[in-house]
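Asker: Okay, structure incoming, though there's no sequence with it:
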């Protein structure tokens, strides 16, 4: 049974490995414009990573009208992915697809 699902805009695509889920999110969905700084990033994991690596939690909350539960959920997703993903493999797969 697939462990990872996309989740972007109700997408229920499922994957056995997290790397395939990230590649799908990057290639299969529209880009996301950060409401804090305007940077365009792939939606999903990369958008979450951008928000929490580049901005404060307070900036995220204000820009996205989010609450602490939304912050915690995204931090959990980021932590789970980064604990399992081979991000170098993801970058290599994305480079091959360009």
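Answerer: Noted; the coordinates are in hand. Predicted, not measured: the structure shown is a model, and the values here were computed from it.

Asker: Give the residue spans of this structure that score low on pLDDT.
Answerer: 1-2, 98 (pLDDT under 70).

Asker: In it, where's the longest helix?
Answerer: helix 68-84 (DSSP state H).

Asker: Residues touching that helix, excluding its own?
Answerer: Identification of contacts with helix 68-84 by C-beta atoms under 8 Å, 6 or more residues apart in numbering yields 18, 22, 45, 48-49, 51-52, 57, 60-61, 64. Where C-beta positions appear, they are placed from N, C-alpha and C, glycine not excepted.

Asker: How far does that helix sit from its chain's centre?
Answerer: Distance of helix 68-84 from the chain centroid (C-alpha atoms, centre = their mean, to the nearest Å) equals 10 Å.

Asker: buried set for it?
Answerer: By neighbour count on 16 or more other C-beta atoms under 10 Å, the buried set for helix 68-84 is 71, 74, 78, 81.

Asker: Would you state the strands of the chain in chain order?
Answerer: 4-5, 14-15, 31-33, 40-42 (DSSP state E).
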